[in-house]
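Enquirer: This is a predicted model, with the sequence first.
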Amino acid sequence: MILEKIAADTKLRVEKAKRKVPYSEICRRAMAMDATTGFPFEKALAEPGIHYICEVKKASPSKGVIAQDFPYLEIAREYEKAGAAAISCLTEPKYFQGKDAYLKEITENVSIPVLRKDFTIDEYMIYEAKTLGASVVLLICALLDTATLKRYIKVADRLGLSALVEVHDEEEMQSAIEAGARVIGVNNRNLKDFTVDIGNSIRLRTLAPKNVLFVAESGIKTAEDISKLREAKVNGVLIGETLMRSPDKKVVLEELNGGSL
Ligand SMILES: O=C(O)c1ccccc1NCC(=O)[C@H](O)[C@H](O)COP(=O)(O)O
């Protein structure tokens, strides 16, 4: 499966990063930063209504190159101006053509929370995310057992980072809940065959406890999709390709939202 390949490459990337900046040093740098952040991502999602997490993504395994021209900072600024609640920035280099440098520059130039969209397989990456200015890290249940998830959520917590815990099915939902996730994202994309079904978010919505913030991820394309997800009372939607392919992000976000944000 693609996720296993990505995880294996990520492991090599982290080993290389550790040779450059050892674990003790990345911890020191991250812990020297302000941890009293107030978890702005969770605050934004907890506001009434549906909130947009807009993705900065050049390519993906399922779609190949999505944006030949990739003015990542301009895109992030446009999202913020258009009313996005948060930005998701891919940092995985091989399959998504992401870069840590994109994340760092974006966090230095926008005021809304930024998610480090990567394949966290080592706690080193959580400290790294903090030093890059992220407010949120992605923890994918398919890559982490419940005990590890719990530990990573605690590490993120101590640094003032939120964790978006991603699930795809009932079993992973149970693991996320048991690990104490405060924000659960349901991926509508089946990573085995890349099919997308927003019904997955709607189906799993009822399994999330009331006090957990809920995000629907992937394959969201139309105002009708948003309308269904709004009806299911999701707190946030994470949208990549639809926005990346549109020249005017504000117009598309307004169309999706059925009016201004
Ligand atoms: O999108 C892929 O091909 C993919 C493959 C393997 C792991 C993750 C993948 N996608 C990451 C995402 O979760 C999406 O970037 C995100 O949810 C936005 O999805 P979309 O709106 O469909 O671009």
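Expert: Okay, I see it.

Enquirer: What separation is there between Arg205 and Ile106?
Expert: 30 Å (Cβ to Cβ, to the nearest Å). All C-beta spots, glycine's among them, are computed from the backbone N, C-alpha and C.

Enquirer: Between those two, which is the more surrounded one?
Expert: Ile106 (24 against 18; other Cβ atoms under 10 Å).

Enquirer: Just say helix, strand or coil for that one.
Expert: helix (DSSP: H, G, I helix; E, B strand; the rest coil).

Enquirer: where do the helices sit along the stretch 101-250 of the chain?
Expert: Assigned by DSSP state H, counting those that start in this stretch, the stretch 101-250 of the chain shows helices spanning 124-131, 146-158, 170-178, 199-205, 223-231, 241-244, 249-257.

Enquirer: Out of these, which is closest to the ligand?
Expert: Among the helices of the stretch 101-250 of the chain, helix 241-244 comes nearest to the ligand, with 3.5 Å by Cβ to the nearest ligand atom.

Enquirer: how about the residues of the stretch 101-250 of the chain that lie near the ligand?
Expert: 187, 189, 191, 217-220, 238-242 (Cβ under 6 Å from any ligand atom).

Enquirer: could these go into TSV alongside neighbour count?
Expert: Formatted as TSV, those follow (neighbours: other Cβ atoms under 10 Å):
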residue	neighbour count
Asn187	24
Arg189	17
Leu191	18
Glu217	28
Ser218	27
Gly219	21
Ile220	23
Leu238	25
Ile239	27
Gly240	23
Glu241	19
Thr242	19
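
Enquirer: what's near enough to touch Asn257?
Expert: 50, 52, 223, 226 (Cβ atoms under 8 Å, 6 or more residues apart in numbering).

Enquirer: Kindly report the same for Asn200.
Expert: By Cβ under 8 Å, 6+ apart, the neighbours of Asn200 are 168, 186-188.

Enquirer: now, which of those sits nearest the ligand?
Expert: Looking across the contacts of Asn200 and measuring by Cβ to the nearest ligand atom, the closest to the ligand is Asn187, at 5.6 Å.

Enquirer: Would you mind confirming that that closest one is in contact with Glu217?
Expert: Yes - if you go by Cβ atoms under 8 Å, Asn187 and Glu217 touch, sitting 4.9 Å apart.

Enquirer: Now list whatever residues contact both of those two.
Expert: Glu166.

Enquirer: Could you tell me which of the contacts of Asn257 count as buried?
Expert: 50, 52, 226 (16 or more other Cβ atoms under 10 Å).

Enquirer: would you list those in JSON lines and tack on pLDDT?
Expert: Putting these into JSON lines (pLDDT from 0 to 100) gives the following:
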{"residue": "Ile50", "pLDDT": "98"}
{"residue": "Tyr52", "pLDDT": "98"}
{"residue": "Ile226", "pLDDT": "98"}
